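Peer 1: Predicted model, plus sequence, below.
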Amino acid sequence: MVFAADDLDRVANFWAGVLRRERDDRDVPELAAGDDPDFRIRFCPAQEPKWGPNKIHFDLTSDSLDDQQAIVQRALELGGRHIDVGQRPEEGHVVLADPEGNELCVIEPGNNFLADTAAIGALSCDGSQAVGYFWAGALDWPLVWDQDEETAIQSPAGGSKIAWGGPPLDPKLGANRVWLDLLGDSDDLDHLIGLGAARLDTDHSPWIVLADPDGNEFRLSTA
């Protein structure tokens, strides 16, 4: 998972503190995988301003109401803030933004959908059923939810789910500030294109920039 940021250290320190992950910096700030076997978090310089809500945000799990409040308090102390995205007072989750406005939710304990996941329970995405099917094939992760045009996938090894909320979709305003980077080879590139990805004419060498069927950018390294 990659966050484009204006202040790399500030955003990396926020997420390291909230998730209690170690920074493992190389060319750019990174966070180690933590309790999730499938992905690290990387931060790279932003090329465009943030135009609107991200297409992907984290749903963080909590073990108790005290734990939920502790996560919220930790986020606020690290520079986060409460935001209003239309959530109702009776909903149990808390909606926040990091220091550069990247949205996140701290989910109440006992949420059945996120049971037995990770600290990041889900990468919650604005996306169609078709794009859920695309990513199931791209990652070779089974569908664990497919109902009313909402989809979700999860690694057979467990960990975070990736979920898509179905229509109506928010308009895409400029390049996404949060996206996935994949590691693979030329066969994987052919496989992704066969599933419906489009190769974009964007120079991010050594990364190959593609778009999923909803037009959301992601990158593949075949090095």
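Peer 2: Looks like it came in fine. Numbers count the residues shown, from 1 in each chain.

Peer 1: Where does the record place the domain boundaries for the protein?
Peer 2: The chain resolves into domains spanning 2-164, 178-221 when parsed by automatic domain parsing.

Peer 1: And the shortest one, how far out from the chain middle?
Peer 2: Right, the one you point to is domain 178-221. 16 Å (C-alpha atoms, centre = their mean, to the nearest Å).

Peer 1: Buried residues, stretch 166-186. List them.
Peer 2: G166, K172, A175, N176, R177, V178, W179, L180, D181, L182 (16 or more other C-beta atoms under 10 Å). For glycine as for every other residue, the C-beta is placed from the backbone atoms N, C-alpha and C.

Peer 1: Give the next helix or strand downstream of the helix-or-strand element of the chain with minimal mean pLDDT.
Peer 2: Among the helices and strands of the chain, strand 30-31 carries the lowest confidence by mean pLDDT, DSSP states H and E, at a mean of 90. Following strand 30-31 in sequence order, the next helix or strand is strand 41-45 (DSSP states H and E).

Peer 1: How about residues contacting that following strand?
Peer 2: 1-6, 8, 11-12, 15, 19, 21, 28-31, 181 (C-beta atoms under 8 Å, 6 or more residues apart in numbering).

Peer 1: Direction included, what does that strand pair up with?
Peer 2: According to DSSP bridges, strand 41-45 forms sheet pairs with strand 2-5 (parallel), strand 30-31 (antiparallel).

Peer 1: Give me the next element, helix or strand, following it.
Peer 2: That would be, after strand 41-45 and using DSSP H and E, strand 56-60.

Peer 1: just checking, what packs against that next one?
Peer 2: The elements that strand 56-60 packs onto, with contact taken as 3 or more C-beta pairs under 8 Å, 6 or more residues apart in numbering; DSSP states H and E, are strand 103-106, strand 120-125, strand 178-179.

Peer 1: Pick the most deeply packed of those.
Peer 2: Of all the helices and strands packed on strand 56-60, strand 120-125 carries the top mean neighbour count, a mean of 24, counting by mean count of other C-beta atoms under 10 Å.

Peer 1: for that one, what is the average pLDDT?
Peer 2: The average pLDDT within strand 120-125 is 96.

Peer 1: and I71, helix, strand or coil?
Peer 2: helix (DSSP: H, G, I helix; E, B strand; the rest coil).

Peer 1: Please name the residues that touch it.
Peer 2: V18, L60, S62, V106.

Peer 1: now swap in V144 and tell me
Peer 2: A152, I153, Q154, K161.

Peer 1: any low-confidence regions in the protein?
Peer 2: Judged against pLDDT under 70, the low-scoring parts of the chain cover residues 37-38.

Peer 1: Helices of the chain, residue ranges please.
Peer 2: 8-19, 65-77, 129-139, 186-195 (DSSP state H).

Peer 1: possible to save those as JSON lines with distance to L220?
Peer 2: Compiled in JSON lines, these are given as follows (distance: least, C-beta to C-beta, whole Å):
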{"stretch": "helix 8-19", "distance to L220": "23"}
{"stretch": "helix 65-77", "distance to L220": "32"}
{"stretch": "helix 129-139", "distance to L220": "10"}
{"stretch": "helix 186-195", "distance to L220": "6"}
